[in-house]
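J.: Any chance you can model this:
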Amino acid sequence: MEARFFSYILQSGYVIIRMLVFLFLTTGAQYETTNFTVDNAPTPKLAQEFCETAEQYRSELSVLWLGEVLPDWSSKCTITVHVGNHLGAGGATSFVFDNGEVYGWEMEIQGSAQRILDSVLPHEITHTILATHFRKPLPRWLDEGAATSVEHHTEKENYRRMLLTFLSEEVRKGLPFKRMVALKEYPSDPMPFYAQGFSVVEYLLLLGRKMDSSEHHRLLRFAKTGMDSNNWQDALQKHYNIDSLGTLQLNWVQWVNAGFTIEKNLPFIAEINEKESKNLPENNLSVNQSIMLVSAKPASIQQKYGKSIYEKTVEKAVEKTIEKTPEKTAEKTIEKTVEKTAENQNQHINFDPNEPIRLDAVIRSVRR
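T.: The predicted model follows:
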C-alpha cells in the first residue's frame with residue numbers, strides 16, 4: 001500500500017515537472033517596464049531588449065509626432081513576440097476607444113530580432129501614440145502611412161518599389177484619393193493600400209518640411225482638421241495650401257513618376273498663417289460608444305512582381321538600340337531613347353481623381 005502510494009507521488013511529481021517545463025517553453029521569457037510587458041520572448045535578454053526598446057520608442061516617437069512625451073498609460077501594453085529569421089516582419093496592435101478613453105492595449109509582433117527592433121516596434125508604437133493623442137480612429141491611409149514612415153529605410157524602400165509596380169498599367173492598383181481618404185477599413189488587397197498610404201504621407205511630410213521644421217506636427221494638425229470637419233480638401237488648403245484632393249493627387253503622381261526626387265519635384269508652397277479654430281468639435285466619441293480597433297503592419301513585403309514596367313521598357317529599348325547602332329554613337333542614342341521613352345510614358349499619366357491611379361509605365365531615374 002505504501003509502495004503504491006509512494007509510486008503515485010513520484011508519477012504525479014514527474015507529471016508536474018513536465019507541465020512546468022512545457023509552460024516555460026511555451027510562455028518564454030518575460031520582462032516589464034512602466035508601459036509594456038513582453039511575453040514569449042525566446043531569451044531573457046531579448047525580452048528585456050524588446051521591452052526597453054518599446055519604452056524608448058514610446059518616448060522618442062511621441063516627441064517626434066506630438067512635441068512631448070506621453071503620460072504613462074493606466075495599464076500596460078502586452079507584447080507577444082515571435083522571433084525567427086524565417087518569419088516575415090509584421091505585427092498587429094489592438095486597443096479600445098470608449099467614451100474618450102483608450103485602453104486594452106495588446107500587441108503581437110514577429111520577424112527577425114533586428115527587424116522587430118528597427119521596423120515592427122516603431123510601426124506599432126506609432127499606432128498607440130496616435131490613438132492616445134486623437135482618442136478615436138484615424139483614417140486608415142494616414143494611420144498606416146504615418147506608422148510606416150518611421151520604419152527602417154530598407155522597409156520603406158521596399159514599399160516604394162512595390163508602389164511603382166502597383167501603379168503600372170499591368171497592375172493598376174492605385175486608389176483614387178477621394179476613395180483613399182474615405183476608407184474606414186482595409187481593402188481586400190492591402191499591400192497597394194499600404195504602399196500608397198506610406199508614399200502620400202511621405203510626400204506630405206516633405207511638403208511640410210519645405211514650409212517649416214515641424215512637418216510631423218503639421219501632418220497631425222492636418223489630420224485633426226480633416227477628421228473633425230470630414231472635409232479633407234479644406235484641411236489640405238489650410239495646412240498645405242493645396243486647393244483639392246485632385247491637385248494633391250496630380251502633384252503626388254508627378255513626384256512618384258519622377259523617381260521620388262525631393263527638391264526638384266516639390267511644388268512651391270506659399271507660407272501659411274495657420275489659425276487654429278476654437279469651434280471644432282471635441283475628439284471624443286459619443287457617450288457609451290466603444291470601438292475595437294486593430295492596427296497592423298503586414299508581414300514582410302514579398303517582391304512578387306519583379307522589375308517595374310519602366311525598367312523592362314528601358315531594357316528592351318536599350319537592347320534594340322545596341323543592335324542597330326554603331327558603337328561610337330551608341331551611348332548618345334541610348335540616352336535619347338531613354339528620354340523619349342520617358343516623354344511618351346509621361347503623356348499617359350492618369351490624373352483623374354475619381355479613376356484608379358495608374359502610370360502606363362512608371363519613370364525612374366536610370367543609372368548606369
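
J.: which residue ranges form the strands in the stretch 151-300 of the chain?
T.: Per DSSP state E, counting those that start in this stretch, the stretch 151-300 of the chain carries strands over the ranges 290-297.

J.: where in it is pLDDT low?
T.: 262-296, 299-300 (pLDDT under 70).

J.: Now with 80, please.
T.: Scanning the stretch 151-300 of the chain for pLDDT under 80 picks out the ranges 213, 261-300.

J.: What segments of it are helices?
T.: Taking DSSP state H, counting those that start in this stretch to define them, one finds helices in the stretch 151-300 of the chain at 153-166, 177-182, 190-211, 215-229, 232-240, 245-257.

J.: so which of those helices gets nearest Leu61?
T.: Checking the helices of the stretch 151-300 of the chain against Leu61 by CB to CB gives helix 215-229 as the closest, at 9.4 Å. C-betas here are computed from N, CA, C, even on glycine.

J.: Next, count neighbours for Thr37.
T.: 19 (other CB atoms under 10 Å).

J.: doesn't it fall inside a strand?
T.: Yes: counting by DSSP: H, G, I helix; E, B strand; the rest coil, Thr37 is located in a strand.

J.: Make a markdown table out of the helices of the stretch 151-300 of the chain and add distance to Arg58 and mean neighbour count.
T.: A markdown table is the format used below for the helices of the stretch 151-300 of the chain (distance: least, CB to CB, whole Å; neighbours: other CB atoms under 10 Å):
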| stretch | distance to Arg58 | mean neighbour count |
| --- | --- | --- |
| helix 153-166 | 20 | 19 |
| helix 177-182 | 28 | 19 |
| helix 190-211 | 20 | 21 |
| helix 215-229 | 15 | 19 |
| helix 232-240 | 26 | 20 |
| helix 245-257 | 31 | 20 |
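
J.: closest to Lys45 out of the ones you listed?
T.: Per CB to CB, nearest to Lys45 of these: helix 153-166, 24.2 Å.

J.: For the closest one, list the C-alpha coordinates in CSV.
T.: The C-alpha trace of helix 153-166 is given here as CSV (Å, rounded to 0.1, in the frame of the first residue of the first chain):
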residue,chain,number,x,y,z
HIS,A,153,14.9,52.7,-44.6
THR,A,154,15.1,49.2,-46.2
GLU,A,155,11.5,48.5,-45.4
LYS,A,156,10.5,51.9,-46.8
GLU,A,157,12.4,51.3,-50.0
ASN,A,158,10.5,48.0,-50.4
TYR,A,159,7.2,49.9,-50.3
ARG,A,160,8.5,52.4,-52.8
ARG,A,161,9.5,49.7,-55.2
MET,A,162,6.2,47.9,-54.8
LEU,A,163,4.3,51.2,-55.3
LEU,A,164,5.9,51.6,-58.7
THR,A,165,4.6,48.3,-59.8
PHE,A,166,1.1,48.8,-58.3
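
J.: Which elements pack onto that helix?
T.: Judged by 3 or more CB pairs under 8 Å, 6 or more residues apart in numbering; DSSP states H and E, the packing partners of helix 153-166 are helix 140-148, helix 190-211.

J.: Swap in 10 Å and give it another go.
T.: Packing partners of helix 153-166 (3 or more CB pairs under 10 Å, 6 or more residues apart in numbering; DSSP states H and E): helix 140-148, helix 190-211, helix 245-257, helix 309-324.

J.: Pipe these into TSV and attach distance to Pro176 per row.
T.: Compiled in TSV, the helices and strands packed on helix 153-166 are given as follows (distance: least, CB to CB, whole Å):
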stretch	distance to Pro176
helix 140-148	12
helix 190-211	10
helix 245-257	7
helix 309-324	20
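
J.: related to what we said a few turns ago, how about a markdown table for the helices of the stretch 151-300 of the chain, with distance to Trp141 added?
T.: As requested, those are exported to a markdown table (distance: least, CB to CB, whole Å):
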| stretch | distance to Trp141 |
| --- | --- |
| helix 153-166 | 13 |
| helix 177-182 | 5 |
| helix 190-211 | 4 |
| helix 215-229 | 11 |
| helix 232-240 | 11 |
| helix 245-257 | 12 |
